[in-house]
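*Asks:* this one's sequence-less:
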């Protein structure tokens with residue numbers, strides 16, 4: 001079984017709108033966490049290149065771009081999956097994020113599953129030497145906070 005984080009919440013939008021707000025608006029609602037940075041230094045702005053194989057990137061104020069991952073599933077209104085790596089990861093170290101958008105009445109349940117952390121050793125700097133349960137809890141709390149910001153900052157009316 002792989003180490004994973006699973007969080008969800010509901011947003012006041014149809015699945016297609018929730019998907020669009022997640023993908024197009026990530027640079028507006030994402031809040032960096034100094035504990036889980038993609039690369040050293042000041043955080044940048046996140047963005048997706050739409051479509052299967054598109055890049056998930058962080059663009060820094062000086063114009064540098066770090067490729068966090070690639071989109072492996074692009075199903076607007078239903079699912080999004082992409083690889084996720086930090087600059088300090090070795091080539092065989094990568095995790096995957098899957099985001100599901102499920103209709104629930106007039107709302108959409110947005111579920112984030114971030115899996116594959118067992119490919120990153122506990123001693124790795126990205127894990128801050130936390131035991132697996134503590135690391136997963138801390139990272140899960142961050143994802144929950146991010147989804148809360150997504151729900152309040154995303155523009156679901158347009």
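*Replies:* Right, received. Where do you want to start? The shown structure was predicted, so the numbers you read here are calculated from the model rather than taken from an experiment.

*Asks:* shaky segments in the protein?
*Replies:* Within the chain, the segments meeting pLDDT under 70 span 1-2, 34-40, 121, 123-128, 157-158.

*Asks:* what about 80?
*Replies:* Residue ranges of the chain with pLDDT under 80: 1-2, 32-42, 88-90, 117-135, 154-158.

*Asks:* Residues contacting the longest helix anywhere in the chain, please?
*Replies:* In the chain, with assignment by DSSP state H, the single longest helix is helix 132-153. Helix 132-153 has contacts (C-beta atoms under 8 Å, 6 or more residues apart in numbering) with 3-11, 21-22, 25, 28-31, 33, 35-36, 110, 112, 114, 117, 122, 127-128, 130. All C-beta spots, glycine's among them, are computed from the backbone N, C-alpha and C.

*Asks:* does residue 46 belong to a helix or a strand, and which?
*Replies:* strand 45-48 (DSSP states H and E).

*Asks:* Compute the distance between residue 71 and residue 64, please.
*Replies:* Distance from residue 71 to residue 64, counting by C-beta to C-beta, to the nearest Å: 21 Å.

*Asks:* Could you check which of these two has the larger neighbour count?
*Replies:* The neighbour comparison of residue 71 against residue 64 (other C-beta atoms under 10 Å) goes to residue 71, with 19 against 11.

*Asks:* my read: the more buried one touches residue 54, true?
*Replies:* Yes: applying C-beta atoms under 8 Å, one finds residue 71 in contact with residue 54, separated by 4.5 Å.

*Asks:* For the chain, which segments count as strands?
*Replies:* 4-11, 45-48, 55-59, 65-75, 79-84, 95-104, 107-115 (DSSP state E).

*Asks:* Just put those strands in TSV and tack on distance to residue 134.
*Replies:* TSV is the format used below for the strands of the chain (distance: least, C-beta to C-beta, whole Å):
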stretch	distance to residue 134
strand 4-11	12
strand 45-48	26
strand 55-59	26
strand 65-75	24
strand 79-84	20
strand 95-104	17
strand 107-115	16
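
*Asks:* returning to what we had before: name the helices or strands packed onto the strand holding residue 46?
*Replies:* helix 26-29, strand 55-59 (3 or more C-beta pairs under 8 Å, 6 or more residues apart in numbering; DSSP states H and E).

*Asks:* Partner strands of the last one and their direction?
*Replies:* Each strand pairing with strand 55-59, determined using DSSP bridges, is listed with its direction: strand 45-48 (antiparallel), strand 65-75 (antiparallel).
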